[in-house]
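[1] 3D model of this:
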Amino acid sequence: MEQYPKKIAVAVFLNSLMPDTKNRPSFVNYMKRTPMEAWLDAQFPSYGDPPITALVVGLKFISESLYNLSPIEDQTLGHLSIRPGSLFLGDLATLPNLSDEKDSSIARVYVIATDDNDPFDFQR
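    From the prediction side, this is the model:
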């Protein structure tokens, strides 16, 4: 959004974190603000050189947090799709703040799923 504000009509945030212009992009990093027990059986291995932190969600985390309202068939597909994912911690820490001029020029829609099991309470 920051790079192409004139090409974006609206930004839609669906059960996600919305960055602001007052804090650095790494501020939305929920890792430091979330108690480890909320991650259930997720793992955070390091890999690469220089090392980066990955997120590998576990079966319990998928069933109880991500797919808690989904049928068992969807949960099973989620279990089969587990792959390590980057949290982009290093990248986010080096980015400058978003600018008021560009960022605030884009309309935003924020959708909150009230029945969602949000263990991090970031939708509020």
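[2] show the average pLDDT along the lengthiest helix in the chain.
    Across the chain, the longest stretch assigned as helix under DSSP state H is helix 72-80. When pLDDT is averaged along helix 72-80, the result is 93.
[3] what comes up buried for it?
    For helix 72-80, a neighbour-count test (16 or more other C-beta atoms under 10 Å) marks Gln75, Gly78 as buried. The C-beta positions use only the backbone N, C-alpha and C, and glycine is treated the same way.
[4] where along this structure do the strands fall?
    10-14, 46-47, 52-55, 85-86, 107-111 (DSSP state E).
[5] in TSV, list the ones you listed along with mean neighbour count, distance to Ser65 and mean pLDDT.
    Formatted as TSV, the strands of the chain follow (neighbours: other C-beta atoms under 10 Å; distance: least, C-beta to C-beta, whole Å; pLDDT from 0 to 100):
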stretch	mean neighbour count	distance to Ser65	mean pLDDT
strand 10-14	11	16	77
strand 46-47	10	23	85
strand 52-55	16	13	86
strand 85-86	12	15	83
strand 107-111	11	18	80
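[6] quick one: these as a markdown table, columns for distance to Gln3 too.
    Output for the strands of the chain, formatted as a markdown table (distance: least, C-beta to C-beta, whole Å):
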| stretch | distance to Gln3 |
| --- | --- |
| strand 10-14 | 13 |
| strand 46-47 | 29 |
| strand 52-55 | 23 |
| strand 85-86 | 20 |
| strand 107-111 | 17 |
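[7] alpha carbons of the lowest-mean-pLDDT helix or strand in the chain, as PDB, please.
    One helix or strand of the chain scores below all others by mean pLDDT, DSSP states H and E: helix 100-103, with a mean of 74. C-alpha atoms of helix 100-103 as PDB (Å, rounded to 0.1, in the frame of the first residue of the first chain):
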ATOM      1  CA  ASP A 100       0.700   9.400   6.900                       C
ATOM      2  CA  GLU A 101       0.600  10.900   3.400                       C
ATOM      3  CA  LYS A 102       0.500   7.600   1.500                       C
ATOM      4  CA  ASP A 103      -1.000   5.300   4.100                       C
END
